[in-house]
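J.: the following comprises the amino acid sequence and a computationally predicted model.
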Amino acid sequence: MNKEMNASDAGWRLNNSYTELPSKFYTKIHPSGVSEPRPSMFNATLAVSLGLNADLLRGDIGTEVFSGNKIPEGSDPIAQAYAGHQFGHFTMLGDGRAVLLGEQIAPSGEMVDVQLKGSGRTPYSRGGDGKATLGPMLREYIISEAMNGLGIPTTRSLAVVTTGEGIMRETKLPGAVLTRVALSHIRVGTFQFAAKWGSVDELKALADYSIRRHFPEAIDEYNPYLSMLKKVIERQASLIAKWQLVGFVHGVMNTDNMTLSGETIDYGPCAFMDTYDPETVFSSIDYGGRYAYGNQPAIGQWNLARFSETLLPLLNDDDRKAIEVAEDSLAEYANIYEEKWLKGMRAKLGLFNGEEEDEKIISELLRMMEINKSDYTNTFLDLTFNKYNGGSLFETADFKKWQRRWLLRLRRQKESEIDSHKLMRDSNPAVIPRNHQVEKVLEKAVVHRDYSLAEKYITVLSTPYAHTPMQADYAEPPSSSCPPYRTFCGT
């Protein structure tokens with residue numbers, strides 16, 4: 001196990017720039033390896049985009065790599081150290097069940113992390129077994145690929161392999177390893193780790209590396225660290241606005257799950273909202289609703305405040321001035337978020353330009369949806385295709401009054417009705433990963449080891465704005481008899 005394999009045929013072009021940082025930030029360690037790896041899911045399209053030989057990697061050679069049994073040539077595997085606020089409480093963390101193989105250089109020149117998740121214990125496991133089970137790894141594969149289809153920045157899933165092991169959770173479950181691809185795994189929590197346990201020089205090394213990797217345009221700025229802060233704020237505000245527009249509930253917005261790249265990461269207890277309700281929570285451990293759907297924008301700003309605190313020594317030698325520029329930057333978050341969200345909501349309603357009354361039109365619609373327990377995704381679909389027989393909302397006097405106001409608003413813009421309809425089609429997905437559909441797919445795969453339904457479902461979710469007849473079969477909300485949906489972190 002763990003012998004290097006030749007990279008020339010598989011297409012591996014691995015770099016290990018993260019190991020140029022002080023050794024405090026990582027531990028060199030190989031995956032544990034497994035006894036009986038078997039292929040489960042493989043993302044050939046993603047593989048090709050990374051310059052990898054999909055035909056070769058979908059077979060035994062790929063299975064050996066994706067299980068951690070063999071290490072591609074050029075890889076120098078590490079587990080990364082980081083910290084984080086988990087449900088508001090600060091703690092030391094790190095890759096407790098993940099190993100970074102390295103950074104693949106794609107044909108485009110883009111550099112992306114390739115990480116094995118569920119590949120065994122590391123020095124950061126904190127008593128855990130370092131393993132993962134098949135259900136949560138397939139779930140991350142499905143949801144992350146659906147997010148990519150929706151046009152939302154996200155980590156990607158390259159492969160899932162089963163390990164032949166039984167992993168004890170509440171019961172014994174089949175083990176699995178997920179291969180995750182990301183622009184990087186640098187988190188707010190990585191900077192919190194540096195600020196708490198590192199020197200200013202080590203913090204600066206991490207910041208300089210992050211700027212080179214994600215914000216090279218900031219290198220020549222008067223204050224590159226302030227520029228980085230502003231860019232991270234903008235990316236996170238944009239990301240969370242995109243979440244809200246499709247009803248996505250992350251479920252565990254700890255600071256260690258917020259990336260500097262602006263990608264969605266960690267699909268543990270996430271889910272998509274069916275009935276519109278700002279207080280929607282799915283996670284079994286979010287007892288107080290800290291990460292409820294309606295709280296996500298504010299939590300994003302809270303997390304960014306923790307990030308800005310770590311940068312204070314780099315922002316200005318004068319503590320007071322450092323705090324001042326950080327606060328000024330953070331103050332822009334709400335404006336950026338509101339602008340992104342409002343533009344997205346206008347598009348969902350076919351509005352190209354902005355008018356003062358738009359916010360009231362949007363807020364009134366959402367209020368009616370909440371009162372009438374309307375399905376979030378399907379309500380906007382019904383508006384897009386003029387279907388007004390799908391629920392109690394459309395039968396109310398309030399909706400008919402709102403509808404007249406909305407139609408008058410549409411007629412005041414220069415774009416045609418056809419243009420507005422196209423904008424709505426392109427802004428309102430036909431399908432999202434419905435929780436009951438995801439569970440059906442997972443049961444078929446985990447219990448029966450039949451992945452055909454999962455493969456078909458991912459194909460449907462990959463083009464959510466196509467509005468094909470086949471997608472309509474996946475658009476039905478759960479029946480009223482379904483119990484409230486709960487998710488678990490999978491560890």
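T.: Perfect, I can see it now. Predicted model only: the values in this text are computed from it and were never measured.

J.: from residue 81, how far off is residue 308?
T.: Distance of residue 308 to residue 81, computed by CB to CB, to the nearest Å: 21 Å. Backbone N, C-alpha and C define where each C-beta goes, glycine included.

J.: my error: substitute residue 197 in the last question.
T.: 8 Å.

J.: neighbour count winner among these two?
T.: residue 81 (23 against 12; other CB atoms under 10 Å).

J.: ok, now which ones touch the spatially closest residue to the more buried one that is not a sequence neighbour?
T.: Using CB to CB, 6 or more residues apart in numbering and skipping residues adjacent in sequence, the residue nearest residue 81 is residue 94, 4.6 Å away. With contact taken as CB atoms under 8 Å, 6 or more residues apart in numbering, residue 94 is in contact with 79, 80, 81, 82, 122, 123, 124.

J.: wait, which of these is closest to residue 247?
T.: residue 82 (29.1 Å; CB to CB).

J.: now the closest one: how far from residue 262?
T.: The gap separating residue 82 from residue 262 is 17 Å, by CB to CB.

J.: now do the shared contacts for residue 197 and residue 81.
T.: Shared contacts of residue 197 and residue 81 (CB under 8 Å, 6+ apart): residue 24.

J.: next up, phi/psi of residue 48, please.
T.: The phi/psi pair for residue 48 (degrees, to the nearest 10) reads phi -60, psi -40.

J.: that one is in contact with residue 54, isn't it?
T.: Yes: Residue 48 sits in contact with residue 54 when judged by CB atoms under 8 Å, with a separation of 5.4 Å.

J.: who has more neighbours out of those two?
T.: More crowded of residue 48 and residue 54, by other CB under 10 Å: residue 54, with 18 against 15.

J.: which residues sit in contact with that one?
T.: If you count contacts by CB under 8 Å, 6+ apart, residue 54 has them with 42, 44, 47, 48.

J.: from those, which ones fall inside strands?
T.: Using DSSP state E, residue 42 are the members of the contacts of residue 54 that sit in strands.

J.: now, which of the contacts of residue 54 sits nearest residue 291?
T.: The closest of these to residue 291 turns out to be residue 42 (CB to CB; 31.8 Å).

J.: now for that closest one, how many residues are close by?
T.: If we define neighbours as other CB under 10 Å, then residue 42 has 24 of them.

J.: hang on, isn't it packed against residue 62?
T.: Yes: with contact defined as CB under 8 Å, residue 42 counts as touching residue 62 (6.8 Å).

J.: what's the overlap in contacts for these two?
T.: Residues touching both residue 42 and residue 62 (CB under 8 Å, 6+ apart) are residue 159.

J.: re the thing from before, now render the contacts of residue 54 as CSV, adding pLDDT and distance to residue 437.
T.: Output for the contacts of residue 54, formatted as CSV (pLDDT from 0 to 100; distance: CB to CB, whole Å):
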residue, pLDDT, distance to residue 437
42, 98, 22
44, 98, 23
47, 98, 26
48, 98, 27
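
J.: looking at the contacts of residue 54, which one is closest to residue 292?
T.: The closest of the contacts of residue 54 to residue 292 turns out to be residue 42 (CB to CB; 35.3 Å).

J.: do you know how far that closest one is from residue 352?
T.: Residue 42 is 41 Å from residue 352, where distance means CB to CB.

J.: give me the below-cutoff pLDDT ranges for the protein.
T.: Applying pLDDT under 70 to the chain picks out residues 1-8, 390, 481, 489-491.

J.: cool, thanks, signing off.
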